[in-house]
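Participant: need coordinates for the below:
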Amino acid sequence: MRRIIKGLLWVVFSLIPLALLAAVIIYVWIARSVAPESGEAQLAGLGAPVTVTRDRNAVPHISGASMEDVAMALGFVHAQERLWQMEVARMAAQGRLSEIFGEATVATDMFLRTIDAYGAAADSFKVLNARDRGVIEAYARGVNAFIDRNDRPFASKFSPEFVLLDRKPEPWQATDVVAAVKMMSVTLAANIGEEMERLKFARLGMSNAEMNDLLPPLSEDTPPHLPDLKTLLGLASGPVNAALPNEQQFAALDGIMGQGASNNWVLAGTKTETGKPMLANDPHLEFTAPSLWYLAHLQVKAPGGETRNLIGVTLPGTPLVFLGRNDRVAWGFTNTAADVQDIFVERINPDNPDEYLTPEGYRPFDKRTETIRVKDEQDVTFERRATRHGPVLPANYRGLQRYLPQGTVPALQWTALAQDDTTISAGFRLWDFQSVEAYLDGMHDFVTPMQSMVVADVDGNIGLIAPGRVPVRDPANQIMGRAPSPGWDAIYDWKGYIPYEDLPRQYNPTRGAIGTANSKIVDSSYAPFLTFDWDEAWRRDRIATLMLDSNVKQTLETNRQAQGDDYSPAYAALGPVMLGLVEGRSDVNADDILALKRWDYREDKSRSEPLIFEAWLRFATKRIISDDLGDAFPGFWRARATAMLRWLSPDAARDWCDDGRTPERESCGDVLALALKDAESDLETRLGSDRSAWNWGALHYAYGAHRPFARVKPLDRIFDVNEPASGGAYTLDRGTPNWNDEANPYRATHGTSYRGIFDLGDLDRSTYIQTTGQSGNVLSTHYRDMAERWGNIEAFTIPASEAGYQDGMLGTWKLLPKR
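Facilitator: Residues are numbered from 1 along each chain as shown. Modelled structure (predicted):
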């Protein structure tokens, strides 16, 4: 026995230390994958030396002699810091995620292969001019220079994700760069969701008025009545008997096709303390770790010529500064959300399933076979079909096929799938614009996604242009993009696109200010049709109150405060209505009612009232309309303040509050009282009964989810970047939760991804911040070092002058032409 014990002790005291030593050695090896702050590299194809100086915030200041050299250096830097992010984005564009992530992403790959955004990117590259192709190819060479570089001694060549998933990146191609821009259109997908919802409502027997209660148009819009979709499309009646789709199979697609929303505004010098314009922009996108954006300063210092600068957020995988400024002009985007998607219901030939009906008779589907390689599983093969309108959507996509008539399929027409997309060329023009006028006249190449761009220049001019392809629809088309249309009727076909000169624009308006927030950007005098599915007007109107119509002379600080505004005008309108329907009832918690009555409708992360109200609204929405929508409810379940006001109104199109599943007739007060109890019980389960521990930030945090380790415990604790956040779905400081996520229905999955404020009196005073940090390597000190500052609405400057960023700089890389 003693020998056994001695043997065990020998194992414990010799092998365990060896295992710990091995773990330390492996950790050090992986940790050395973090890019050194200084270094030198030789790049084949580089025309002249380039310097990359990282300032104290790890923002690179890249200076070279030509656009090609600067693009190549940016490709090298992006690969140093964000190669895993770029790899996942590229595999998504190609519909190859399942090669990395296995069966969980097969449905996503099937959808992305079906729409073939990557094929459209390959065709679009061919139509670009020689100079733009050269810049793109230089960027790809820079990425490949990093991938192909010689290994550092005792260091992993790539970040931890590549090691843990045993993957080596493939060489980058020019098409990968164009596809990265193309995928921004996929990310900012517009109204396909509303089209499918109206189809479902029609299938459930909803009237036009009831549909308007569920998806209310703006008060300033008067859309025509939808035609009877049941008759027009041949929809069946009664319960939908087909099996429900597994919504989890679309989880990865949700992360790609997120909601596109943003704020921006520009103020003329008459409204600012400096007498020069100020411009602010904060795009709202899915929170990720690392952030979608990478801040950078690009400088072309031509020998014996001028020096040109671009500063702002870049998208890893592309050589563009998407949002930012050059030496004379600043710009900011929001998603216009014009209706550039239509689902067409195509009728299959009952005598030949390989044909579909057109106005001229039956025509064969375009077909090809696609094979998806799946990690650790059998390959998945499917047939991709397309019609004259576009690709036929997969049968399981969002359960869409369940609602369509037998013998039909849905096809998607979408400007994002254009094969002559020159949007990336418009990005290169940002180097050149010297004035607002030049900007407004120079965005012809911008195809997709349509953006509402506010612009200002150092001479004091301001403007707006909303470039992009928007289809023209037949005056006889009463659907107007709001619901699926019969593909066999030429009335519903697109009739071309709105000419560039007719797109929305403003130049030095008399108001002295312009602001957009995804809601309607044109007045009744504007003739071309853009959409009826504008975002609710709450944020747009709040911008007008705080900035556009304010008599206060605005400063960088007042712009910062406006971007961090956590007042919810939607809840300020809805709250008193809900409280009025339950006040005085004996079956509600009087303390909670009193607290909500005293609430100022600021969604401050330290307050409990926004948490109670959000939970109450969540359960009220479920109790009021889940019985009416049935299987269509989960996809519809989110904050809908304007719709809720209609549901609670005595003038509603139907009695939404009565639960049709019970014999009793419930009033809105009854349902709201029950929903408040649901909310209180839910919050007690999550946070305990001690109300002093209840605050918005405890459950409402910006959820920076890593792909794929957000779904792998305990790696999620290491790779995710979470930050308590104020704001909500209707505040300028936006953070929208996913109510369908039962485990975490209050955390913000979508919101303010970047903030930029530009002072045209001194552009070097402009400020920037993004959500995580510059590095995409979790072992870097710069992986999450911006998150807390972002959460506190702080920011920093990125000056163009060398003297402005050298103080506290981290280091310099020298990139040299390869001999």
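
Participant: going forward, measure contacts and count neighbours with C-alpha atoms only.
Facilitator: Fine.

Participant: so how far is stretch 298-311 off the chain centroid?
Facilitator: Offset of stretch 298-311 from its chain centre (CA atoms, centre = their mean, to the nearest Å): 32 Å.

Participant: list the buried residues in that stretch.
Facilitator: For stretch 298-311, burial by neighbour count (16 or more other CA atoms under 10 Å) applies to 298-301, 308-311.

Participant: how is the chain divided into domains?
Facilitator: Annotated domains of the chain cover 1-31, 569-602+608-694 [automatic domain parsing].

Participant: let's test this: mean pLDDT of the last one, rounded?
Facilitator: The predicted model assigns domain 569-602+608-694 a mean pLDDT of 97.

Participant: same deal with stretch 454-469?
Facilitator: pLDDT averaged over stretch 454-469 gives 98.

Participant: stretch 180-193 now?
Facilitator: On average, stretch 180-193 scores 86.

Participant: show residues contacting that stretch.
Facilitator: 89-90, 93, 117, 121, 256-260, 317-318, 335, 337-343, 416, 423-424, 448-449, 482, 533 (CA atoms under 8 Å, 6 or more residues apart in numbering).

Participant: go ahead and build a ChimeraX selection from the buried members of those residues.
Facilitator: Selecting only the buried entries of the contacts of stretch 180-193 in ChimeraX, with 16+ other CA under 10 Å as the criterion:
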select :89,90,93,117,121,256,257,258,259,260,317,318,335,337,338,339,340,341,342,343,416,423,424,448,449,482,533
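
Participant: which of the contacts of stretch 180-193 fall within strands?
Facilitator: 335, 341-343 (DSSP state E).

Participant: can I get the residues you listed in a markdown table with distance to Asp592 and pLDDT?
Facilitator: Shown next, in a markdown table, are the ones in strands among the contacts of stretch 180-193 (distance: CA to CA, whole Å; pLDDT from 0 to 100):
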| residue | distance to Asp592 | pLDDT |
| --- | --- | --- |
| Asn335 | 38 | 95 |
| Gln341 | 44 | 96 |
| Asp342 | 45 | 97 |
| Ile343 | 45 | 97 |
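
Participant: show me which of those is closest to Thr288.
Facilitator: Nearest to Thr288 out of the ones in strands among the contacts of stretch 180-193 is Asn335 (CA to CA; 19.1 Å).

Participant: so that closest one touches Ser262, yeah?
Facilitator: Yes. Judged on CA atoms under 8 Å, Asn335 makes contact with Ser262 at a distance of 6.6 Å.

Participant: before we move on, back to that, show me the two of the buried residues of stretch 298-311 that sit farthest apart.
Facilitator: Farthest pair in the buried residues of stretch 298-311, by CA to CA: Lys301 and Ile311, 14.5 Å.

Participant: show the pLDDT at Gln259.
Facilitator: For Gln259, pLDDT reads 62.

Participant: alpha carbons only: can I get the helix or strand where Gly704 lies in CSV?
Facilitator: When secondary structure is defined by DSSP states H and E, Gly704 falls within strand 701-706. Extracted C-alpha coordinates of strand 701-706, given in CSV (Å, rounded to 0.1, in the frame of the first residue of the first chain):
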residue,chain,number,x,y,z
TYR,A,701,-26.0,45.3,-21.6
ALA,A,702,-24.4,45.6,-25.1
TYR,A,703,-23.9,41.9,-26.0
GLY,A,704,-20.8,41.8,-28.1
ALA,A,705,-21.1,38.2,-29.2
HIS,A,706,-18.0,36.4,-30.6
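
Participant: for the helix or strand following it, buried residues please.
Facilitator: Using DSSP H and E, the helix or strand that directly follows strand 701-706 along the chain is helix 715-719. Judged by neighbour count using 16+ other CA under 10 Å, the buried positions of helix 715-719 are 716, 719.
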